[in-house]
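[1] for reference, the sequence and a predicted model appear below.
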Amino acid sequence: MDAHLIVSPPPHLKSGETAHCLMFDVLIASLPIIFASVIFFGPHTLWIMFLSVSSAVATEVLIQIVFKSPGFAFRPFFYNLLTNEDITILDGSALVTGLLLSFTLPPGSPWWIPVAGSFVAIAVGKQAFGGVGYNIFNPALVGRAFLLAAWPVETTAWTATLRWEAWICSLSLSPQSWIVDGVTTATPLALLKLQNQPTPLFQLVAGNTAGCLGETSAIAILIGASYLLYKGTITWHIPCSFIGTVIPVSLLLGKDPVFNVFAGGLLLGAFFMATDVVTSPVTKWGRIVFGVGAGMITTIIRIYGAYPEGVCYAILLMNSLTPLIDRYAARTYQPSDENLGA
Amino acid sequence: MKCAIIYCSKTGNTERVARAIAHGLNGSVKMVKLDFTPEGILKDFSPSFTLDLSPFELIFLGGWVMVMRVHPYLYAYIKRCSNIEGKKVAGFLTGGAVLSRDHAFKDFKGVIEQRGAELAGFSYTSTLLGLTLTRKKLEVATGFARDLMKKCNR
Amino acid sequence: MPTFSRRNLFPPRLGGGAWSKPSQKAGIPERVIIPFQEAISMPCKITVHEGDRVKAGEKIGFMGNGDTCIAVHASTSGRVDQIAPMPHPLGFNALSVVIASDGKDEGVEAKPLGASGIGSNKEKMFEALREMGIPLNYPLLAKTGFAVSRLLINATEFEPPLTSGHHLIKEHGPHIIEGLKVLLSACSASQAVILIEKDRPSLIKTLKGFGSEVPAITIRGVNHPYPDTAVGYLAKKLFSKKPYRITADRRTEVMTVDLSSLFAIYNAWFWGMPLTEQLITVVGSAIPNPQNSWVKIGTPLANLVQSAGGTSSPLGQITLGGPLMGLPQSSLEVPIIKKTKGVCASVALLFDERRRSRFYKRVPCIKCAKCVDVCPVSIIPNLIADFIDNRFFSDAARRGVFLCAECGLCEYVCPSRIPLLELMKLGKVSLKGEQSLLTQSNLKLLS
């Protein structure tokens, strides 16, 4: 009767969550941002996001078929794609990387920008380090840094927000008219730095300015971020310390802090990019140090550096310091009777 | 004719389909729910494991589809349940996309025949996060149960 | 909808239905197996021989020696059948006395300790408690000269389906406070802190009501339940002036007691009864009637499961303890020992390897830090597990692997399905040797 009792080590209970649950939450939190970018820049932003996401997933599949499971059976294709263990697209990290990368692209980018960026983001930023969990740098930001270095003109081709009436009137059956031809303008940060022209606060918060797909509308980002905080996917430490450092440092250096918070990709970076679980520290104090460092570097690049926008490089630099922060933020215990005894 | 419906439901969609099937069968149906923790351990005492399937003639087994296959819990239950040999079994599965239907059907048929039971019918209901589980689909499930009952009674 | 609701890191209270029912007395088993060793090759002395007739509550020997010597009593009346090594829940064969009960359960004459007036002499008092078989931290008492600074009582229920501690408070609240008063006066502690979860307000009210006349008793509400093995760490953190330097100073000489010991002290003081019964929760998916029952110490598990409704379906796993920290047993002839709190019997499904869902296979750590957020002793499980995976055991020790209370919460919560608890145990065993697995970690688990 009891010949088959299972003796397995405790715990015998597991919570049902896996990594794809975290990514799914980020996806849902990005929905307001997608919605806002469609409102401000037109429906072809969806095309850019689609290209970016599908290229990211395709790159991951390609690299994993070639390097990790060379004996991949090609038919039936989708069945094997989803059930083969070496192909990890089901945990959603490639999808989220592609989506976040597309949030940092300008609306006027040609089709090969998101494709190339996603390819580099996944191949170099993630798979070259060993896959999910082993990467040091945030893959979306690696892709963006590569694009900024390789094709600086196309990656900073900011356009003004869409005038819906004019565009709808000009729609016809030919596909050329569906793509929005925007008027080139500069982002609020570039306007301030190069032409010394401030932008009213309401425009910044609502999002009626030029900029990347994801960074213009502060309200949409805050809605998404509040969902993530409520759900428990991210903790308040990194965003609050990031934004909370930008404010006093910019005050100290003589610039308007509220403008610095709402203009540019600070909110997007603080809530979505810097809080990426793989590349941020593990302890609470470590996260606060991470946020403070990133905030300082962002403000310094914005004020003294050549670029108008510093969030991307700030986060990448702090990502490289994350292992060091983790090493010192974790407490060490001296061997003594306290913890080596029964 | 005595029927039993044994189902496994995580978000409640399979449960609704199970209720629709019970409605379609109209008679005395034994409904048993399998409630699992994520490691495959039954949460509380469930009569499904003490249920001897011999007095039933038509058994409906329901679960959801994960990665194009029958979910491991339902699969393991089918392999471990008692006295299912020779019975008529009908499957009602729910899943996110219609693409998985053929794979899930093949999987389900395989494990049923491995146990020695006979596959009498199969129904697949696609639900996308529960949003597309319309009343029409539930009525389709009810109709499926009714037709199956008529076919087996003949 | 479960997809959109707030993520809860701690396991929810599983059902089981044992909370709403009053506790019952389990019947007298046909035979009772009383183990005499809690660790491999622990010294013990048995004072009865095969064939003797014993009564319930009669002392039949003692285990341990020196400061840890505790008397062992027969839990029911009958005839001594065998004295031989029998399977013990911790996995080894312990020398045990098997008593074939005669069903009458006649007790030996009981002399209440309170009446004998030894309360004034501390050393005699604790020796008498040892004679009654009550498990307390006697070495600490001896070291501090029977004067500890504080008592810490963990009344939280860490395992989700078990409710035996809370039932004890619900039904014997005043008795527990009486026992606590006796202990307070015996060891002259200045304060007794009882930890209980904030979401059991009825229990907090009961305890406050009965404990209000003694100012030394403080009831403290906590947000999450604590495992019993982490209470020592908690004592140091709560009462030491410098909580971040875990040092031993006079303030941190805190004795931790559990609820069943307090009830046993009450029984010994007022009724003179030694520890022969234990309140155990029997729950699980194989148990039709989950219940809390008063079980004689030494009852084989088979009897326990039978009295709760039996299992007419094949049993998959039976665990002594709860699902987070309990030890699964390999046979149903294993006895209940003194510090058991519950038994979980589940009809586990067997997955064959090919079908085990790929979502539940181990993947690399994504450093989500959920384990860090949930750990009750504030160590960093993913870092330590990484060290142990690569066999850097001394680094793992420096990062605090011995502080691990083996509660299992980190492995419960990990989305990458990393076997964190097993890696911790592997680290401890590799550093302290084979003996440590059975003495250190598992003994703490069952207490």
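    Arrived safely.
[2] helices of the stretch 51-200 of chain A, start to end?
    For the stretch 51-200 of chain A, the helices defined by DSSP state H, counting those that start in this stretch cover A:77-83, A:93-103, A:112-123, A:139-150, A:152-155, A:164-169, A:188-195.
[3] for the chain, which helix is longest?
    Reading this off chain A. helix A:19-41 (DSSP state H).
[4] could you do chain C instead?
    helix C:164-187.
[5] one more: chain B?
    Longest helix of chain B, by residue count under DSSP H: helix B:135-153.
[6] show me the contact partners of it.
    B:1, B:3, B:16-17, B:20-26, B:57-58, B:60, B:88, B:90, B:92, B:120-121, B:123, B:125-127 (CB atoms under 8 Å, 6 or more residues apart in numbering or on different chains). C-betas here are computed from N, CA, C, even on glycine.
[7] can you list the helices of the stretch 51-200 of chain A in TSV and add mean neighbour count and distance to chain B?
    Output for the helices of the stretch 51-200 of chain A, formatted as TSV (neighbours: other CB atoms under 10 Å in any protein chain shown; distance: least, CB to the nearest CB, whole Å):
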stretch	mean neighbour count	distance to chain B
helix A:77-83	15	5
helix A:93-103	28	16
helix A:112-123	23	22
helix A:139-150	23	25
helix A:152-155	13	36
helix A:164-169	10	29
helix A:188-195	18	38
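[8] for chain C, which of these is the nearest?
    helix A:77-83 (6.9 Å; CB to the nearest CB).
[9] tell me the mean pLDDT over the closest one?
    Across helix A:77-83, the average pLDDT comes to 79.
[10] then that helix to CSV, C-alphas only?
    Below are the C-alpha coordinates for helix A:77-83, written out as CSV (Å, rounded to 0.1, in the frame of the first residue of the first chain):
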residue,chain,number,x,y,z
PHE,A,77,7.8,24.3,-36.9
PHE,A,78,5.6,26.2,-34.4
TYR,A,79,5.1,23.2,-32.2
ASN,A,80,8.8,22.6,-31.9
LEU,A,81,9.5,26.2,-31.5
LEU,A,82,7.2,26.5,-28.5
THR,A,83,8.1,23.2,-26.8
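[11] nearest residue to C:Met273 other than its sequence neighbours?
    C:Asn267 (4.6 Å; CB to CB, 6 or more residues apart in numbering or on different chains).
[12] need the three-state assignment for the one you found.
    At C:Asn267, secondary structure determined by DSSP: H, G, I helix; E, B strand; the rest coil is helix.
[13] that one: how many residues sit nearby?
    24 (other CB atoms under 10 Å in any protein chain shown).
[14] so which of the helices of the stretch 51-200 of chain A comes closest to C:Ala186?
    Among the helices of the stretch 51-200 of chain A, helix A:93-103 comes nearest to C:Ala186, with 59.2 Å by CB to CB.
[15] shaky segments in the stretch 51-200 of chain A?
    A:174-182 (pLDDT under 70).
[16] neighbours around the closest residue to chain C within it, how many?
    For the stretch 51-200 of chain A, the residue positioned closest to chain C under CB to the nearest CB is A:Gly133, at a distance of 3.7 Å. Using other CB under 10 Å, the number of residues around A:Gly133 comes to 18.
[17] how about C:Thr76?
    C:Thr76 has 29 nearby residues by other CB under 10 Å.
[18] show me where chain B has its helices.
    Under DSSP H, chain B gives helices at B:13-25, B:47-50, B:72-80, B:101-115, B:135-153.
[19] actually, chain C.
    Using DSSP H, helices in chain C cover C:122-131, C:138-143, C:164-187, C:201-211, C:231-239, C:259-266, C:301-307, C:370-374, C:381-389, C:393-398, C:409-413, C:420-432, C:434-436, C:442-446.
[20] dump these into CSV; add mean neighbour count, mean pLDDT and distance to chain B as well.
    Formatted as CSV, the helices of chain C follow (neighbours: other CB atoms under 10 Å in any protein chain shown; pLDDT from 0 to 100; distance: least, CB to the nearest CB, whole Å):
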stretch, mean neighbour count, mean pLDDT, distance to chain B
helix C:122-131, 18, 85, 39
helix C:138-143, 16, 81, 38
helix C:164-187, 21, 89, 18
helix C:201-211, 17, 87, 23
helix C:231-239, 19, 79, 27
helix C:259-266, 24, 90, 25
helix C:301-307, 20, 86, 12
helix C:370-374, 22, 92, 15
helix C:381-389, 23, 93, 19
helix C:393-398, 19, 85, 26
helix C:409-413, 27, 92, 10
helix C:420-432, 21, 86, 13
helix C:434-436, 13, 51, 27
helix C:442-446, 19, 48, 19
